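A.B. asks: please find the sequence and the predicted model below.
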Amino acid sequence: MLTSMAVPLARYRVRRDKERELRYALREIHKAIDDYKDASLTGKIETKIGTEGYPESLEQLVEGVKLLQSAEGKKVKFLRRIPKDPMTGTFDWGKRSMQDDPKSQSWGGQNVFAVFTKSMERARDGTPYNEW
């Protein structure tokens with residue numbers, strides 16, 4: 001009888017922990033994207049035409065971008081690493097560019113404006129994780 005009560009509680013705890021990790025990972029990536037955009041707007045880094053000042057890829061946030069004011073060619077990095085998606089267990093995030101539809105599940109490839117999990121599961125409140 002105790003076992004039958006413990007299993008649902010353990011599942012709930014695992015799901016809650018994954019949701020917390022997902023929120024943290026999304027917050028970390030979106031902050032890096034915002035920091036990149038701010039550096040672009042203030043003229044600290046060079047931006048390509050057509051990207052609207054957003055990074056071209058998540059890897060660019062990790063590899064870094066050359067500072068324009070640096071004579072030594074210093075780079076500024078916005079992420080230490082790309083966080084793992086706790087829902088899918090991979091480092092493959094869904095991306096949206098500035099030009100994509102806000103509900104789109106495909107990426108146009110122009111820039112990275114937002115990220116989302118590729119999991120099709122629903123949260124405890126009924127909302128899909130990929131809409132977080």
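C.D. replies: Sure, I can see it. Numbering: from 1, shown residues only.

A.B. asks: what helices or strands is the helix or strand hosting L22 leaning on?
C.D. replies: In this structure, L22 sits in helix 2-41 according to DSSP states H and E. Judged by 3 or more C-beta pairs under 8 Å, 6 or more residues apart in numbering; DSSP states H and E, helix 2-41 is in contact with helix 58-63, strand 114-116. C-beta: built from backbone N, CA, C; applies to glycine.

A.B. asks: so for the helix or strand bottoming out on mean pLDDT in the chain, what gets flagged as buried?
C.D. replies: Least confident helix or strand of the chain, by mean pLDDT, DSSP states H and E, is helix 2-41 with a mean of 87. Using 16 or more other C-beta atoms under 10 Å as the test for burial, helix 2-41 gives K18, E19, L22, A25, L26, I29, A32, I33, Y36, K37, A39, S40.

A.B. asks: excluding covalently adjacent residues, which one is nearest to the fourth one?
C.D. replies: Nearest residue to A25 in three dimensions, chain neighbours excluded: P83, at 3.9 Å (C-beta to C-beta, 6 or more residues apart in numbering).

A.B. asks: ok, the third one next?
C.D. replies: Here the nearest residue to L22 in space, its sequence neighbours aside, is P86; by C-beta to C-beta, 6+ apart that works out to 5.2 Å.
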